[in-house]
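Engineer: pasting the sequence and the predicted model now:
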2 protein chains.
Amino acid sequence: MTTKRVLLTKLIFCFAFVFGGLAIAQAADPLPSWNDGKAKLSIIEFVTKVTKQGSSDFVPIDERIATFDNDGTLWAEQPMYVQLLFALDRVKRLAPQHPEWKQQEPFASLLKGDTKAALAGGEHAILEIVMATHAGMTTEEFEKIVKDWLATARHPTTKRPYTEMVYQPMLELLAYLRANGFKTFIVSGGGIEFMRPWTEKIYGVPPEQVIGSSIKVKYELRDGKPVLVRLPELDFFDDKEGKPVAIHQQIGQRPIAAFGNSDGDLQMLQWTAAGKGLRFALYVHHTDAGREWAYDRKSSIGRLDKGLDEAQKKGWTVVDMKKDWKVIYPIENR
Amino acid sequence: MTTKRVLLTKLIFCFAFVFGGLAIAQAADPLPSWNDGKAKLSIIEFVTKVTKQGSSDFVPIDERIATFDNDGTLWAEQPMYVQLLFALDRVKRLAPQHPEWKQQEPFASLLKGDTKAALAGGEHAILEIVMATHAGMTTEEFEKIVKDWLATARHPTTKRPYTEMVYQPMLELLAYLRANGFKTFIVSGGGIEFMRPWTEKIYGVPPEQVIGSSIKVKYELRDGKPVLVRLPELDFFDDKEGKPVAIHQQIGQRPIAAFGNSDGDLQMLQWTAAGKGLRFALYVHHTDAGREWAYDRKSSIGRLDKGLDEAQKKGWTVVDMKKDWKVIYPIENR
């Protein structure tokens, strides 16, 4: 560009900045998919206070850290965690290369179509399925597998792509926090490498702000070319007590706001809420059997029991999905 | 502020932006402490290419990841790693609470003032010293210990605070990369929590962009108050093959530029250089016995041997500290 054109571009930008900003600030509701009510109000009140210069609640921009659980907080987790559905699909896809699976649980039941029997082995069975499907390839190969699967897989009941089963009100909340100087992190029990290929596009959260469970990887030179190989060994399980530990190791400062939906998020919310100064803790409560799912204290997936008690005791915000959210999924706005 | 004052402030800002920017762009050398030469030129050429829209070497802003080793790359590591000097000081400070140390190596030798004998036990001795001095307190207590120590400790030969023994040319390089849209990360063999309390102030690198070695921590409720307790157990050793692994686990994408000074950084540089598109790998070579220290292939600290050969073979940039740097420490500019 010539100097003249640079000047002109800058002047146009400035005009928009000076006069455009005011109009937007007055007009826009930052959380249009949230019904007016206690939950929405508590969020806006918190953000307004911590961003108000000179106020006793003011928090400098580099300390505005917000952490979000993923499954059940940012996207749907019923009837089963998406990553588990991915693993089950992978077992079927890989079965021809593993004839021994026909005689070996949990694979045998899975291949017969009896998912319930396969998962009856509990955590141990799940771990076997995950290791058999998530390890043994390079990190780049795995990233491609995840991307390809997400591009074609469909949710068993809604028949929609999983990346459309994210919660519109939470997308708005993420954007609202970032517009107010927050860094938004995901802190999930799910696998880091199952999330990173798509979180930036869908949530606006870049790879380095995604924390989750991980398996070990190993650095190797193959024909002089370095690769990272995924090993069938758990590295870190990012759930319950693991969440504040991972936050500490990877973020290195305590969040001032945390968002979850299950007892697996309780320690993250406790750790966040116990910091000095104004803090914010929020539980998404799944109360909408019509538009989504209704589950809490008795659910095997996303159980919210102790957390619900503690939220009530401590006055944390509890989102009643049915009452507080105008829409659940982005598609409802189209 | 009133609307009128907001408008005025914005207009002043815009004036400075439109007319100030041009003057700065023409006048300033982004690396004033670097002598003109191959090393400086290679950096500027790389940054210019990857930031030039439309060029085949262009890299989108969210992929501009640069990783820096710390000891010997951003600050001095002679006559001993700063963190080891910290640990030795801590042993002396804690000795009254550990009468058993008088009969127990490596502590006994240390307390008699014979550091060499204490460290003769090699890695095992160092690990014992680190665990005895870095664990057994909460993460917040440890942060305070580090800050307090750094505020008063002085380098054994220069008698200056350690945070003044950072390299001015590297501070400029960090700032130059950030001004060009890079995210700058530290990837060090040193302890994460020994760095995070001061890296933002000194290097402009926030806590979540600091990666390093770590010990395990445990989440606990003490009288209902959550704490993270540091355990005497190694969690991750961020050196050699560990560096690409940690980069993968914590950043989640491959850097396009990496900076180191020793064989411990070789795998990070290999991993970076082997990515697709234009990549940059740089070694700081300690060649200045007068202003700093001169050491490479035979040094027990910061050995640069295999790395130097590979850098020459692959055409990576090697900084000759003596020739390429006008000044070493920020104090020389005051």
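Structural biologist: Cool, the structure landed.

Engineer: next SSE downstream of the lowest-mean-pLDDT helix or strand in chain A?
Structural biologist: Least confident element among the helices and strands of chain A, by mean pLDDT, DSSP states H and E: helix A:21-27 (a mean of 47). Next along the chain after helix A:21-27, taking DSSP states H and E as the criterion, comes helix A:38-50.

Engineer: who are the packing partners of that next one?
Structural biologist: Identification of packing neighbours for helix A:38-50 by 3 or more C-beta pairs under 8 Å, 6 or more residues apart in numbering or on different chains; DSSP states H and E yields helix A:168-179, strand A:280-287, strand A:317-320. To be clear about C-beta, it is placed using only N, CA and C from the backbone, and glycine gets the same treatment.

Engineer: what's the closest non-adjacent residue to the residue in the stretch 101-250 of chain A positioned nearest to chain B?
Structural biologist: Going by C-beta to the nearest C-beta, chain B is nearest to A:Pro207 of the stretch 101-250 of chain A, at 3.1 Å. Closest residue in space to A:Pro207, ignoring its immediate chain neighbours: B:Gly252 at 3.1 Å, by C-beta to C-beta, 6 or more residues apart in numbering or on different chains.

Engineer: can you get me a residue count around the one you found?
Structural biologist: 23 (other C-beta atoms under 10 Å in any protein chain shown).

Engineer: so it makes contact with A:Ile211?
Structural biologist: No: in this structure, B:Gly252 is not within contact of A:Ile211 by C-beta atoms under 8 Å, at 9.8 Å.

Engineer: nearest residue to the most centrally placed residue in chain A other than its sequence neighbours?
Structural biologist: In chain A, the residue lying closest to the centroid (C-alpha atoms, centre = their mean) is A:Asn70, at 2.3 Å. In this structure, A:Asn70 finds its nearest non-sequential neighbour in A:Ser188, 3.8 Å apart by C-beta to C-beta, 6+ apart.

Engineer: who's in contact with the one you found?
Structural biologist: A:Asp69, A:Asn70, A:Asp71, A:Met195, A:Val210, A:Ile211, A:Gly212, A:Ser213, A:Asp238 (C-beta atoms under 8 Å, 6 or more residues apart in numbering or on different chains).

Engineer: of those residues, which belong to strands?
Structural biologist: Those of the contacts of A:Ser188 mapping onto strands are A:Val210, A:Ile211, A:Gly212, A:Ser213, per DSSP state E.

Engineer: out of these, which one sits closest to B:Val82?
Structural biologist: A:Ile211 (28.4 Å; C-beta to C-beta).

Engineer: tell me how many other residues crowd the closest one.
Structural biologist: By other C-beta under 10 Å, 27 other residues sit near A:Ile211.

Engineer: now the contacts of A:Ser188 as TSV including distance to B:Arg154 and pLDDT?
Structural biologist: Output for the contacts of A:Ser188, formatted as TSV (distance: C-beta to C-beta, whole Å; pLDDT from 0 to 100):
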residue	distance to B:Arg154	pLDDT
A:Asp69	46	98
A:Asn70	47	98
A:Asp71	51	98
A:Met195	46	98
A:Val210	41	98
A:Ile211	38	98
A:Gly212	42	97
A:Ser213	44	96
A:Asp238	41	95
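
Engineer: buried among those? Need that as a selection in PyMOL.
Structural biologist: Taking 16 or more other C-beta atoms under 10 Å in any protein chain shown as the burial criterion, the selection of buried members of those in PyMOL is written as:
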select buried, chain A and resi 69+70+71+195+210+211+212+213+238
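
Engineer: ok, back up a step: so which of the helices and strands packed on helix A:38-50 gets nearest B:Thr152?
Structural biologist: Taking C-beta to C-beta, strand A:280-287 is the member of the helices and strands packed on helix A:38-50 nearest to B:Thr152, at 37.2 Å.

Engineer: from the chain's centroid, how far away is the closest one?
Structural biologist: Relative to its parent chain, strand A:280-287 has a centroid offset of 14 Å by C-alpha atoms, centre = their mean, to the nearest Å.

Engineer: same check on stretch A:243-254?
Structural biologist: Relative to the mean C-alpha coordinate of its chain, stretch A:243-254 is positioned 16 Å out (C-alpha atoms, centre = their mean).

Engineer: ditto for stretch A:292-303
Structural biologist: Remark: stretch A:292-303 is offset 17 Å from the chain centroid, using C-alpha atoms, centre = their mean.

Engineer: buried stuff in it?
Structural biologist: The neighbour-count check on stretch A:292-303 (16+ other C-beta under 10 Å) flags A:Glu292, A:Trp293, A:Tyr295, A:Asp296, A:Ser299, A:Gly302, A:Arg303 as buried.

Engineer: likewise stretch A:103-120?
Structural biologist: In terms of neighbour count (16+ other C-beta under 10 Å), stretch A:103-120 has its buried residues at A:Pro106, A:Phe107, A:Ser109, A:Leu110, A:Leu111, A:Thr115, A:Ala118, A:Leu119.

Engineer: farthest-apart pair in those, please.
Structural biologist: Across these, the longest distance by C-beta to C-beta is 13.6 Å; it joins A:Leu111 and A:Leu119.

Engineer: a strand runs through the residue nearest to A:Asn70, doesn't it?
Structural biologist: Yes: according to DSSP: H, G, I helix; E, B strand; the rest coil, A:Ser188 belongs to a strand.

Engineer: ok, it to B:Val59 distance?
Structural biologist: With distances taken as C-beta to C-beta, to the nearest Å, A:Ser188 is found 28 Å from B:Val59.

Engineer: number of residues surrounding A:Pro232?
Structural biologist: Number of residues near A:Pro232 (other C-beta under 10 Å) recorded here: 15.

Engineer: tally of neighbours for the residue of the stretch 101-250 of chain A closest to chain B?
Structural biologist: Neighbours of A:Pro207 (other C-beta under 10 Å): 20.

Engineer: show me the contacts for A:Thr67.
Structural biologist: With contact set as C-beta under 8 Å, 6+ apart, A:Thr67 has these partners: A:184-187, A:211, A:243, A:247, A:251, A:255, A:257-259, A:268, A:272.

Engineer: skip the chain neighbours and tell me the closest residue to A:Asp71.
Structural biologist: A:Glu77 (4.1 Å).

Engineer: any idea which element that neighbour lies in?
Structural biologist: Using DSSP H and E, A:Glu77 falls within no helix or strand.

Engineer: need the pLDDT of A:Ala120.
Structural biologist: Note on A:Ala120: pLDDT of 88.

Engineer: that should have said A:Val6, apologies.
Structural biologist: Listed pLDDT for A:Val6 reads 49.

Engineer: now A:Pro156
Structural biologist: At A:Pro156, the model reports a pLDDT of 95.

Engineer: just to be sure, it is in a strand?
Structural biologist: No: read with three-state DSSP, A:Pro156 is coil and lies in no strand.

Engineer: burial check on it, number of neighbours?
Structural biologist: A:Pro156: 10 neighbours (other C-beta under 10 Å).

Engineer: and for B:Gly252 and A:Ile211, which residues touch both?
Structural biologist: Residues within reach of B:Gly252 and of A:Ile211 at once, by C-beta under 8 Å, 6+ apart, are A:Ile192.

Engineer: which phi and psi values does A:Tyr219 adopt?
Structural biologist: As for A:Tyr219, its main-chain torsions (degrees, to the nearest 10) stand at phi -80, psi 130.

Engineer: so what's the residue lying closest to A:Pro156 once chain neighbours are set aside up against?
Structural biologist: Among residues not flanking A:Pro156 along the chain, A:Pro79 sits closest, at 6.6 Å (C-beta to C-beta, 6+ apart). The neighbours of A:Pro79, taking C-beta under 8 Å, 6+ apart as the test, are A:Pro156, A:Thr157, A:Ile301.

Engineer: how near is A:Pro79 to chain B?
Structural biologist: Plainly put, A:Pro79 is 29 Å away from chain B if you go by C-beta to the nearest C-beta, to the nearest Å.

Engineer: go on, A:Val47?
Structural biologist: Using C-beta to the nearest C-beta, A:Val47 is found at 19 Å from chain B.
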